[in-house]
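> all I have is the shape, not the residue letters:
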């Protein structure tokens with residue numbers, strides 16, 4: 001029974017062991033299936049060419065889907081074949097695109113046969129369609145647990161896109177290097193996590209290093225930092241590296257090059273953080289600013305030296321005036337050329353220092369012997385001035401050039417004062433000669449620096465001035481469409497909204513116009529018109545418009561035009577109106593209670609008329625003043641009131657750019673006049689200006705040139721509108737129809753020529769910048785008789801508003817010019833003139 005029982009136990013144990021073995025086997029099979037599925041997924045989706053081959057014959061067992069696409073073959077034609085067999089059949093790989101590779105040279109063969117680890121080898125892959133693709137191959141052996149090679153794995157990466165990217169990167173780097181080279185700057189970067197540094201050749205050159213020389217560092221900053229500057233630079237660098245947000249770094253310090261030369265550098269830097277918020281990369285630019293620092297230091301030294309010289313001169317003159325003996329003692333001790341002359345201007349004493357400079361003894365300089373050392377061109381001007389001072393007793397100060405002992409030309413500043421007897425007669429002259437050669441050289445350097453700064457400012461101003469067209473086009477739509485909406489008699493609340501939109505848009509346009517005006521003036525691009533216009537008509541219209549704004553604030557508004565002011569005058573009507581609008585508008589804006597008064601006259605009676613009521617041919621000096629009872633301007637602010645962006649410290653509750661008075665001053669000066677201001681806090685201000693104009697021609701004054709009388713009952717006009725912008729086209733059509741005119745529209749210049757060839761119009765409103773053909777070219781063709789009536793009135797309707805644009809359009813044959821945004825009064829003026837003097841189609 002025991003034997004039988006033991007056999008059963010052993011049998012049960014064996015059975016259990018078999019079951020456990022089977023379970024482990026099933027587990028391994030499941031894992032193998034999972035691994036196989038994972039491998040298939042990897043081969044299906046991995047974005048690269050993967051190839052697996054078995055040892056020892058390098059037979060292909062697996063190829064990724066991308067690898068099949070790259071090779072241009074399906075898996076069925078590859079699987080099971082050996083690498084050498086495939087190479088022999090398909091000539092698949094070439095090391096240089098020409099030479100066929102031997103079997104043993106193939107990366108996968110080397111990995112399986114030799115266990116070689118192949119890294120980033122460039123090959124050319126020949127596809128069956130004849131395309132040759134540059135690829136990058138990595139290959140390596142696959143080993144079992146005992147280290148025996150059981151196969152090999154190779155990855156193929158197409159390099160065409162990579163090479164394109166690399167080429168673009170090279171081009172980008174080339175442009176960047178050209179830019180920083182032109183700016184005399186160098187670039188650098190440091191990876192704070194890997195410690196890897198990169199310096200451009202220009203950056204290394206700043207430190208006196210060649211392109212391949214490393215930049216040594218000490219305590220995290222370049223070792224070349226000057227010992228005296230190192231503590232400061234190190235402290236600022238530590239603060240910068242300790243920041244947790246991106247901020248810029250700027251530091252100027254001295255460096256010591258390997259040859260001992262000391263240079264000043266400016267280093268700009270910025271920190272970049274990784275996703276974890278840790279400092280990752282610092283990059284930036286470096287610039288050698290030694291010349292600038294030297295110029296600043298020289299300027300400071302020159303200033304200190306000049307102040308020192310002035311102080312010493314005052315002390316010397318004070319002491320020399322006590323007695324002749326003290327003059328002589330002082331002359332022996334100070335390093336300047338001290339001199340004395342008799343009342344007639346003849347030298348009686350010259351200090352040794354100046355004798356040494358001239359290489360002349362005192363005896364040789366006596367009388368006027370010192371003039372022999374003057375540069376010939378300076379002799380007569382200096383002697384004339386010196387003799388004049390001797391006759392009048394006025395203080396002497398003059399710059400002249402001398403030929404020094406070493407033959408060089410030196411510039412000397414000579415100053416002197418007369419010493420008088422008690423009766424007031426001149427006893428003698430005493431003074432000093434200062435060698436200011438170095439100062440003159442410094443002044444020349446400063447002048448050149450100033451010219452460079454002015455050139456940069458002019459470039460900025462020219463850029464802003466050229467923006468006029470692009471800004472005015474959308475503003476035309478905003479302001480015009482708001483006008484149209486208001487004309488539809490909307491509900492009160494909507495009308496309020498629209499009025500606010502219109503007010504805001506006009507304010508924005510005023511700001512834009514101020515900025516563009518100032519920029520054009522600073523860039524020297526403003527030239528004044530020189531045309532006849534009705535001055536009194538312009539002033540009357542302007543005053544009525546401004547009166548509305550004054551009365552809306554409850555202010556009294558009074559105007560006076562002197563009888564001597566001519567009716568007609570020649571000048572720039574628009575700019576003169578702008579001056580009045582700026583001054584009167586400011587007076588109304590800054591006055592809360594009281595009155596604003598304007599007076600216009602002519603200076604010294606100029607501009608008077610003859611018995612026939614005609615203007616004299618003289619130039620007319622127009623004078624005007626604008627007086628208000630506002631808060632006034634502090635005295636310490638009056639000197640800056642005409643500077644850009646300065647409002648004279650008036651209340652911040654008033655809107656404005658602070659450019660109006662700056663523009664006004666420059667316009668007045670362009671007109672040959674001047675502007676002044678008188679102000680008292682709490683009592684108001686008075687702005688006065690003058691402008692040099694000309695009397696109008698007799699024809700203009702007698703015939704009312706440029707303002708044709710409008711016939712009663714103005715007729716309906718047939719108008720052709722050429723405008724490519726949809727919003728501006730819609731706006732112009734609505735405005736013109738609202739004025740009772742018929743409008744036909746086209747979208748480009750060619751369409752305009754076509755319709756003019758078929759139909760007759762009273763007026764053409766022509767945009768200038770259009771597709772197919774610009775407006776000025778269309779106008780030239782119409783005037784040449786290529787389409788319709790060559791005499792049809794043509795008016796430019798465009799966002800071009802810079803000086804010279806109007807002349808260009810008129811030269812092309814246009815009759816008038818309207819700038820965007822469209823001004824309803826100007827539009828009606830043009831339409832009335834065309835309707836009054838043009839030939840009708842009725």
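Nice, I can see it. Note that the coordinates shown come from a computational prediction; the quantities given were computed from them, not determined experimentally.

> for residue 685, which non-adjacent residue is spatially closest?
Spatial nearest neighbour of residue 685, excluding adjacent residues (Cβ to Cβ, 6 or more residues apart in numbering): residue 679 at 3.9 Å. Backbone N, C-alpha and C define where each C-beta goes, glycine included.

> neighbours of the one you found, how many?
Per other Cβ atoms under 10 Å, the neighbour tally for residue 679 reads 20.

> if I look at it, how far off is residue 554?
22 Å (Cβ to Cβ, to the nearest Å).

> hmm, back to that, which element is the residue nearest to residue 685 on?
strand 675-680 (DSSP states H and E).

> now do stretch 245-260: distance to the chain's middle.
Distance of stretch 245-260 from the chain centroid (Cα atoms, centre = their mean, to the nearest Å) equals 27 Å.

> that one spans what distance, first to last residue?
38 Å (Cα to Cα, to the nearest Å).

> quick check: mean pLDDT of that stretch?
Taken as a whole, stretch 245-260 has an average pLDDT of 86.

> what comes up buried for it?
Counting neighbours by 16 or more other Cβ atoms under 10 Å, one finds that the buried residues in stretch 245-260 are 249, 251, 253-256.

> which of the residues you listed fall within strands?
Residues of these located in strands (DSSP state E): 249, 251, 253-256.

> got those as JSON lines, with distance to residue 406 columns?
Listed next are these as JSON lines, based on distance: Cβ to Cβ, whole Å:
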{"residue": "249", "distance to residue 406": "49"}
{"residue": "251", "distance to residue 406": "43"}
{"residue": "253", "distance to residue 406": "38"}
{"residue": "254", "distance to residue 406": "34"}
{"residue": "255", "distance to residue 406": "36"}
{"residue": "256", "distance to residue 406": "34"}
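
> show me which of the residues you listed is closest to residue 512.
residue 249 (36.6 Å; Cβ to Cβ).

> find the nearest non-adjacent residue to that closest one, please.
residue 269 (3.9 Å).

> swap in residue 575?
What sits nearest to residue 575 in space, not counting adjacent residues and going by Cβ to Cβ, 6+ apart, is residue 667, at 5.3 Å.

> surely that neighbour touches residue 581?
No. In this structure residue 667 lies outside contact range of residue 581 using Cβ atoms under 8 Å: 11.2 Å.

> which one of the two is surrounded by more residues?
residue 667 (23 against 16).

> looking at this protein, which helix or strand is least sure?
helix 698-703 (a mean of 54; mean pLDDT, DSSP states H and E).

> domain-wise, how is this protein divided?
The chain breaks down into these domains under the TED database: 41-160, 172-295, 337-525, 527-604+617-699, 718-836.

> would you single out the least confident of those?
The bottom spot among the domains of the chain, by mean pLDDT, belongs to domain 337-525, with a mean of 78.

> show me the strands in the stretch 251-400 of the chain, by range?
262-273, 279-288, 337-341, 347-350, 396-403 (DSSP state E, counting those that start in this stretch).

> rebuild those strands as a markdown table, extending it with mean neighbour count and distance to residue 422.
Formatted as a markdown table, the entries for these read as follows, by neighbours: other Cβ atoms under 10 Å; distance: least, Cβ to Cβ, whole Å:
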| stretch | mean neighbour count | distance to residue 422 |
| --- | --- | --- |
| strand 262-273 | 17 | 59 |
| strand 279-288 | 18 | 63 |
| strand 337-341 | 23 | 19 |
| strand 347-350 | 19 | 21 |
| strand 396-403 | 17 | 22 |
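
> adding distance to residue 625, write those strands out as a markdown table.
Shown next, in a markdown table, are these (distance: least, Cβ to Cβ, whole Å):
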| stretch | distance to residue 625 |
| --- | --- |
| strand 262-273 | 51 |
| strand 279-288 | 52 |
| strand 337-341 | 52 |
| strand 347-350 | 56 |
| strand 396-403 | 40 |
